[in-house]
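In: Task: produce atomic coordinates for the following.
(2 chains)
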Amino acid sequence: QLQLQESGPGLVKPSETLSLTCTVSDDSISSPSYYWGWIRQPPGKGLEWIGNIYYSGNTYYNPSLKSRVTISVDTSKNQFSLKLSSVTAADTAVYYCARTSNWEAFDIWGQGTMVTVSS
Amino acid sequence: DIQMTQSPSSLSASVGDRVTITCRASQSISSSLNWYQHKPGKAPKLLIYAASSLQSGVPSRFSGSGSGTDFTLTISSLQPEDFATYYCQQSYSTPWTFGQGTKVEIK
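Out: The predicted model follows:
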């Protein structure tokens, strides 16, 4: 069973860059059948799509975050990553990585990682 | 952006009840609508994709219907493990957007 695992700092200072990595348990990150995405959930709020990436490096971002977001992929390590710059308290959230098959739905999710923005 | 509106925001139900959650899109999204179940501290779980297709391994008491702007998730006989928050999500156009969630609680 494919697994995704998020990793990265749980605490980030305001104005700094949040960096997270998602490790995929097999080499399906190189498959043309899948896209890979990041989603977040602030405390007490709903889910927000951050963006998706294809194995080729093509990216699709939420316009509300586009100026601050970079998603990249490293197929040699079976990983994809999220960078969110100039963070504020509003970026405090549980961050999930997930897989989407054929640009349809997120069918496999990581367990999520809580990131708090605070000095 | 396409806005997704779920109703109700919460509901109380008993084991064995039939539960229906609705999701309305601000514009037509064809059948590009997915449903997720989310429990605290867990990863969201895909239940239904493309409006009515049951994800592999999901119990058949879950079903989805609709197209265009109006969609429904139905749980035919609520089980104890079904108490959770349910989200709809459109994959018709970016940015992908989620509904605000429907929390299903024990009556």
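In: Residue 106: neighbour count?
Out: Since you didn't name a chain, this refers to chain A. 28 (other CB atoms under 10 Å in any protein chain shown). In this view, the C-beta of every residue, glycine as well, is placed from N, C-alpha and C.
In: other chain: chain B
Out: 10.
In: for A:Q1, same thing?
Out: A count of nearby residues for A:Q1, using other CB under 10 Å, gives 5.
In: And it, how far from B:S56?
Out: Separation of A:Q1 from B:S56 (CB to CB, to the nearest Å) stands at 11 Å.
In: Equivalent analysis for A:R68, please.
Out: 36 Å.
In: Just the buried positions in stretch B:46-60, please.
Out: B:46-52, B:55, B:58 (16 or more other CB atoms under 10 Å in any protein chain shown).
In: what's the farthest-apart pair in those?
Out: Pairwise distances across these (CB to CB) peak at 14.4 Å, for the pair B:A51 and B:V58.
In: Quick check: nearest residue in space to B:G99, chain neighbours excluded?
Out: Using CB to CB, 6 or more residues apart in numbering or on different chains and skipping residues adjacent in sequence, the residue nearest B:G99 is B:Q6, 3.7 Å away.
In: Next up, the contacts around that neighbour.
Out: B:21-24, B:86-88, B:99-102 (CB atoms under 8 Å, 6 or more residues apart in numbering or on different chains).
In: Number of residues surrounding residue 64?
Out: Using chain A. For A:S64, the count of nearby residues is 13 (other CB under 10 Å).
In: Chain B, not that one
Out: 23.
In: Spatially nearest residue to it, not counting backbone neighbours?
Out: B:I48 (3.7 Å).
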